[in-house]
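In: Starting from these lines, generate the structure:
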Amino acid sequence: MTKQYSELQLDALRELANIGSGTAATALASMLGRTVDVNVPNVHAMSLADAVDAAGPPEQYVTGVILPVEGDIEAIVLMIFSLDGADTLCRLLGVDPATEIGRSALGEIGNILGTSYIGALGMMTGLAFDPCPPETATDMLAAIVASVLVPTAGTSDIALLLDTDLAIEGAECSFSFMFVPTADGTDEVLLRLGLGDVGPA
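Out: You can find the predicted model right below:
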């Protein structure tokens, strides 16, 4: 049974997501050498099953960058780029997304975005995070989500899903960012924010 969080708790998680996204955009701008504006039109704190459904059509081919997180709490960060978005980012770096160098570049972009987000979360909560090296895969969305996130379903009850639009100088792309802490991890984040004892909605 999925744990229920109050609207106040969910709002706090969404605000963390927005701040983390801004930090990630700043880091990406430094990597690309271009101005990057970030817009997060949708931030959802939802059950893992609902987050999987909201990520997009299961048969859609995407590139996923997976970043396991260890430390005070364990989590999985999954960034989902459309093929067009992956192509845009690789072209900006002067590499072909279909090559090993292109996949490595996307992995590094995902690593920068993910670690920047996690770093902002750590600064706001006082939690220590240790991101692991990223993995990159191009496949149907359902296959990537199933292989990465479903194994965590038994220990996680909430995911933060960010639909993020990146307005990069001279180009635009979008991606989905999913942060999936363990159930105890979500509670610990809320506790550090002073919201651990807020009753369910």
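In: How much space separates the one residue sitting closest to the centre of the chain from residue 52?
Out: For the chain, the residue nearest the mean C-alpha position is residue 177 (2.9 Å; Cα atoms, centre = their mean). Computed as Cβ to Cβ, to the nearest Å, the residue 177 to residue 52 distance reads 14 Å. The C-beta positions use only the backbone N, C-alpha and C, and glycine is treated the same way.
In: hang on, the residue nearest to the centre of the chain is in a strand, isn't it?
Out: Yes. According to DSSP: H, G, I helix; E, B strand; the rest coil, residue 177 belongs to a strand.
In: From here on, call the first residue 41.
Out: Happy to do that; since the first residue is 41 now, the last one works out to residue 217.
In: ok, now which ones touch the residue lying closest to it once chain neighbours are set aside?
Out: Nearest residue to residue 217, sequence neighbours excluded (Cβ to Cβ, 6 or more residues apart in numbering): residue 202, at 4.2 Å. Shown in contact with residue 202 (Cβ atoms under 8 Å, 6 or more residues apart in numbering): 57, 61, 80, 82-83, 216-219.
In: Can you check those residues and name whichever has the most neighbours?
Out: Counting neighbours by other Cβ atoms under 10 Å, residue 219 leads the contacts of residue 202 with 29 neighbours.
In: Against residue 124, how distant is that one?
Out: 24 Å.
In: Same question for residue 49.
Out: 35 Å.
In: Show me which of the two is the more surrounded one.
Out: Neighbours of residue 49 and residue 124, each counted by other Cβ under 10 Å, are more numerous for residue 49; the result is 23 against 12.
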